[in-house]
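> 3D, please:
(one chain, ligands or ions: 2)
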Amino acid sequence: ALHLAKAQDGKSLEDFQKVYNAIAEKLRDEDEFDGYIGYGPNLVRLSWHVSGTFDKNDNSGGSFGGTYRFKKEADDPANKGLQNAAHFLEPIAKKFPWISHGDLYTLAGVTALQEMQGPKIPWRPGRVDADEKDTPENGRLPDASQDGSYVRHYFGRFGFTDQEIVALLGAHCLGKTHLENSGYEGPWGAATNTFTNEFFVNLLNENWKLEKNEAGNKQYNSEKGYMMLPTDYALVQDGKFRKYVEKYAKDQDAFFEDFKSAYVKLLENGIDFGKLGKAYVFKTLDEQDS
Ligand code: HEM
Ligand SMILES: NC(=O)CCn1cnc2ccccc21
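Ligands and ions are numbered 1, 2, ... in the order given. Take a look at the predicted model:
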């Protein structure tokens, strides 16, 4: 059965906005991380990785239990590099001890996306920390060296459509790959910390060449120094995915709308929020500057 979300006694929008603001202010403060990319992309990746372990067949994994805090999940080779995001969040967890880890990891991704000028992401609290024994085994996160049918099958586990898969992968407009983390290398020059539809524009407009990188892994490189993973490039090789790449390359508003819906679905997969009321939509720091 789905996990039942539990209301945090007496906590309201204002309390969660305070957590949002603490994360957002720390993001502005610590802007030098990773060649001045900042922690935003890393926090977004963490929110996806803690949710991407979900398996609808037995309702295991997913963002509910906050099991990333346990060694087995944090040490998953697929999570290499996310120690930075986890370390960034430690003082936030100390300042707001009442928030669950699952709520903190997902709220941090929402905060990072909104502060990087992405869409407003409605967010619901109520995840409850699970025991260490409930930590999913390693190996549930995707393999970047694969093709379109692999990507479609992988996301089928969450019940995602082709359109949701393409929208979600648009998050690869953020940050970069790091050879020491994943065996793929991306140039600092092309990395960004602003949420746009450029992942789709680059996929369609650049001249991509398949090359072996220093770790011996194949990746697509362009003359401008951009890179794409094989799973990224699969989105233009596979006809059914390609039509959504073309849609989002032309229409950033459509991309923002569809990304928001798919990202909420990813973060809430496996959780029954019941009658806990509607989602919160947080103000950005800029919107609060009085
Ligand atoms: C087919 C599915 C996916 C694959 C194979 C994949 C693979 C990867 C790889 C290999 C990296 C580089 C990690 C590193 O070297 O530091 C990466 C980074 C990243 N991924 Fe994905 N990813 C997938 C889906 C997603 C989704 C669904 C999201 C969010 C909605 C996402 C968000 C990010 C972000 C923001 C980064 C940059 C992190 C940073 O700069 O530290 N990815 N991904
Ligand atoms: N603009 C770039 O060359 C990097 C964009 N990019 C493409 N695939 C990615 C996967 C993860 C992070 C950034 C990615």
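
> quick one, what contacts Asp75?
Taking Cβ atoms under 8 Å, 6 or more residues apart in numbering, we find Asp75 in contact with Asn138. Where C-beta positions appear, they are placed from N, C-alpha and C, glycine not excepted.

> which parts of the stretch 1-150 of the chain are helices?
13-29, 33-36, 40-51, 71-74, 83-95, 101-115, 148-156 (DSSP state H, counting those that start in this stretch).

> can you tell me the closest non-neighbouring residue to Tyr154?
Once flanking residues are discounted, Tyr154 sits nearest to Pro142: 5.0 Å by Cβ to Cβ, 6 or more residues apart in numbering.

> number of residues surrounding that neighbour?
15 (other Cβ atoms under 10 Å).

> and Gln237, by the same measure?
Neighbours around Gln237, by other Cβ under 10 Å: 11.

> need the residues of the chain near ligand 1, please.
Within the chain, the positions adjacent to ligand 1 are 41-42, 44-45, 48, 81, 142, 144, 151, 168-169, 171-172, 174-178, 181-182, 184, 229, 231, 263 by Cβ under 6 Å from any ligand atom.

> need the contact list for Phe88.
Here Phe88 is in contact with Lys26, Glu30, Tyr39, Asn42, Leu43 (criterion: Cβ under 8 Å, 6+ apart).

> excluding sequence neighbours, find me the nearest residue to whichever residue of the chain sits closest to ligand 1.
Here the chain gets closest to ligand 1 at one residue, Gly175, 2.1 Å apart by Cβ to the nearest ligand atom. Leaving out its chain neighbours, the residue that sits closest to Gly175 by Cβ to Cβ, 6+ apart is Pro41, at 2.7 Å.

> so that neighbour makes contact with Cys173?
No. Between Pro41 and Cys173 there is no contact under Cβ atoms under 8 Å: 9.2 Å.

> before we move on, the earlier item: wait, a strand at the residue of the chain closest to ligand 1?
No. Going by DSSP: H, G, I helix; E, B strand; the rest coil, the assignment for Gly175 is coil, not a strand.

> quick check: it vs Gly40, distance?
Applying Cβ to Cβ, to the nearest Å, the value for Gly175 to Gly40 is 8 Å.

> neighbour count: these two, which is higher?
Counted by other Cβ under 10 Å, Gly175 and Gly40 do not tie: Gly40 has more neighbours, with 30 against 23.

> Asp154: neighbour count?
Just so we're on the same page, residue 154 is Tyr rather than Asp. 18.

> do I have it right that it meets Leu141?
No. The criterion here is Cβ under 8 Å, and Tyr154 misses it with Leu141 at 9.2 Å.

> and the strands in the stretch 101-250 of the chain?
With DSSP state E, counting those that start in this stretch as the criterion, the stretch 101-250 of the chain has strands at 209-212, 218-221, 227-228.

> got the phi/psi numbers for Arg140?
The phi/psi pair for Arg140 (degrees, to the nearest 10) reads phi -90, psi 0.

> now do the same contact list for it.
Per Cβ under 8 Å, 6+ apart, neighbours of Arg140: Gly52, Thr53, Asp55, Gly61.

> end to end on stretch 122-137, go ahead and measure it.
The separation between the terminal residues of stretch 122-137, taken as Cα to Cα, to the nearest Å, is 29 Å.

> with stretch 4-24 instead?
First-to-last residue span, stretch 4-24, Cα to Cα: 29 Å.

> buried sites along that stretch?
Ala5, Gln8, Lys11, Asp15, Phe16, Val19, Tyr20, Asn21, Ala22, Ile23, Ala24 (16 or more other Cβ atoms under 10 Å).

> can you add distance to Glu73 and pLDDT and give those back as CSV?
CSV is the format used below for those (distance: Cβ to Cβ, whole Å; pLDDT from 0 to 100):
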residue, distance to Glu73, pLDDT
Ala5, 21, 94
Gln8, 23, 83
Lys11, 26, 93
Asp15, 27, 97
Phe16, 24, 98
Val19, 22, 98
Tyr20, 25, 98
Asn21, 28, 98
Ala22, 24, 98
Ile23, 21, 98
Ala24, 26, 98
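
> before I go, just wanted to say thanks for your time.
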